[in-house]
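Novice: quick one: sequence and predicted model below, then my questions.
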There are 2 protein chains.
Amino acid sequence: MRRPELYITGITGLPEISADASLGQLIAQGIRQAQIELQEKDVLVVAQKIVSKAEGRTIRLDSVTPSALACRWAEACQKDPRVMEVILSQTQRIVRMDRGILIAETEHSFVCANAGVDSSNSPPGEVLLLPRDPDASAARIRKELSEGFGVTLAVIISDSFGRPWRQGQVDVAIGVAGLDPLLDYRGFRDRFGRQMEATVIAVADELAGAAELVMGKTSEVPVALIRGVYFQSLNESARALVRPAEEDLFR
Amino acid sequence: MRRPELYITGITGLPEISADASLGQLIAQGIRQAQIELQEKDVLVVAQKIVSKAEGRTIRLDSVTPSALACRWAEACQKDPRVMEVILSQTQRIVRMDRGILIAETEHSFVCANAGVDSSNSPPGEVLLLPRDPDASAARIRKELSEGFGVTLAVIISDSFGRPWRQGQVDVAIGVAGLDPLLDYRGFRDRFGRQMEATVIAVADELAGAAELVMGKTSEVPVALIRGVYFQSLNESARALVRPAEEDLFR
């Protein structure tokens, strides 16, 4: 059997991203500077924060007037009332609000802390929202890069999420293009000939987490290239990673 | 800046693992057959199922007499009452029992479906338990391999866990040796000079997930080697990945 291999490298040297930057072009520059030859089925993982910045998803806090509700909850959660106001504006439903922690369902149906509103990695006085449609963001970057390099790529937009029960954050996929985020082994047979039960792997989340290992948090590596991944491209939306509320025991 | 790189490869060709197999020796054989030269700080990820098999953590169902409770709950969860009996024997606390799904806290305090009891990948009529002490399992394998190859390795024992809110399973770390499962960025400053808040990354889980990408589910690759990882080795226990119950909003 051929030995399965995966190679992951960080793309460095991107400038500070401003609103309306062409992210595809900047990533392409980084790839050329690194003298990397893209190949068919390479996967690019792009950190949410640069996608949000390029899409102008920055909110200046001095433009925000917190409601009475935001002020009350901000106190309970020990947050800036204006940040709380922004969080609530991004929230479809509150899953838990307890012990200073706010777990919210975003408009995209992702469940995460603070509805994905991020006050690290943006200048003081500003917060960053998630991209409005991270699948579309991924598709745009994919189109620009695929055309620029003449190869068919997959693109994942990643963000760091906490998890119930387990300490520490891991990067997960919030947008995908050109790749099915789930790999379904149901119907395959195990080595004893039995049908495998309930084995659907969230490959896009594993890829996002693997990319984080080279991207890190402080090292200014906002993009990673992963080569050697087996993936399919049937259902191309990170929404497939969201467990429907009616099947979820923890919402 | 030096471009960060990660390389992951699967170790193939291990025989079917029997109880009391020397897993370290079998993995060493696989590594030699693949003509891989181990290097300092290489990380080996080993699938829980072969660890459990080598440690004889197999239960023959015909040896199990289900209690009345197990029978009643088995019906509700549509499981074999004997499998339910085994699950309950591995359970410290039930987190949820609903819609045919049993989420349980194991004796190691991991929260997962069916207390980690696995009926796939073992012969019909048998189920596989988690290793009794997965950190100790990792430490044993690490010792054998580090001595055998004369390099200092880290070892992770991985298993596939489901997650609330997100579809699909991902591999996570249930045992570690030689590596701190969490990487703590708190106290680091972001590019705007602000202290970073709440950024602790579960690197061992990201490594386990990355390894899954080459291990797969049907491809008979029970071990993966990861090279190029930045990690520390202060607190070497996967228990550090368990969020204390009193800080957990979903238990």
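Specialist: Cool, got the structure.
Novice: what does the stretch 51-200 of chain A put close to chain B?
Specialist: A:96, A:98-99, A:101, A:103, A:110-111, A:120-124, A:160, A:163-172, A:181-183, A:185, A:188, A:190-192, A:194, A:196-200 (C-beta under 8 Å from any C-beta of the partner chain). To be clear about C-beta, it is placed using only N, CA and C from the backbone, and glycine gets the same treatment.
Novice: in the longest helix along chain A, what's buried?
Specialist: In terms of residue count, the longest helix belonging to chain A (DSSP state H) is helix A:134-149. Buried residues in helix A:134-149, counted by 16 or more other C-beta atoms under 10 Å in any protein chain shown: A:134-135, A:137-142, A:144-146, A:148-149.
Novice: backbone dihedrals for the residue nearest to the spatial centre of chain A, both of them.
Specialist: Central residue of chain A (C-alpha atoms, centre = their mean): residue A:158, 2.4 Å from the mean position. Main-chain dihedrals, residue A:158, degrees, to the nearest 10: phi -120, psi 150.
Novice: do the same with the one 3 residues further on
Specialist: As for residue A:161, its main-chain torsions (degrees, to the nearest 10) stand at phi -120, psi 150.
Novice: could you report the neighbour count for the nearest residue in space to residue A:122 that is not next to it in sequence?
Specialist: The shortest distance from residue A:122 to any non-neighbouring residue, by C-beta to C-beta, 6 or more residues apart in numbering or on different chains, is to residue A:128 (4.7 Å). Neighbours of residue A:128 under the rule other C-beta atoms under 10 Å in any protein chain shown: 24.
Novice: next one: residue A:12
Specialist: Neighbour number of residue A:12 under other C-beta under 10 Å is 19.
Novice: hey, where'd the strands end up in the stretch 51-200 of chain A?
Specialist: Assigned strands in the stretch 51-200 of chain A, in chain order: A:58-60, A:91-98, A:101-106, A:111-113, A:126-128, A:154-161, A:170-177, A:183-184, A:200-201 (criterion: DSSP state E, counting those that start in this stretch).
Novice: distance between the fourth one and the chain's centre?
Specialist: Yep, that's strand A:111-113 we're talking about. 12 Å (C-alpha atoms, centre = their mean, to the nearest Å).
Novice: is residue A:3 in contact with residue B:31, as I believe?
Specialist: No - using C-beta atoms under 8 Å, residue A:3 is not in contact with residue B:31; the gap is 11.2 Å.
Novice: neighbour count for the two, which is higher?
Specialist: residue B:31 (22 against 14).
Novice: quick check on that one: phi, psi?
Specialist: phi -70, psi -40.
Novice: wait, it touches residue B:38, no?
Specialist: Yes - with contact defined as C-beta under 8 Å, residue B:31 counts as touching residue B:38 (6.5 Å).
Novice: tell me, what's touching those two both at once?
Specialist: Here residue B:31 and residue B:38 share the contacting residues B:145, B:149, B:225, scored by C-beta atoms under 8 Å, 6 or more residues apart in numbering or on different chains.
Novice: can you verify residue A:14 is assigned to a strand?
Specialist: No - counting by DSSP: H, G, I helix; E, B strand; the rest coil, residue A:14 is not found in a strand; it is coil.
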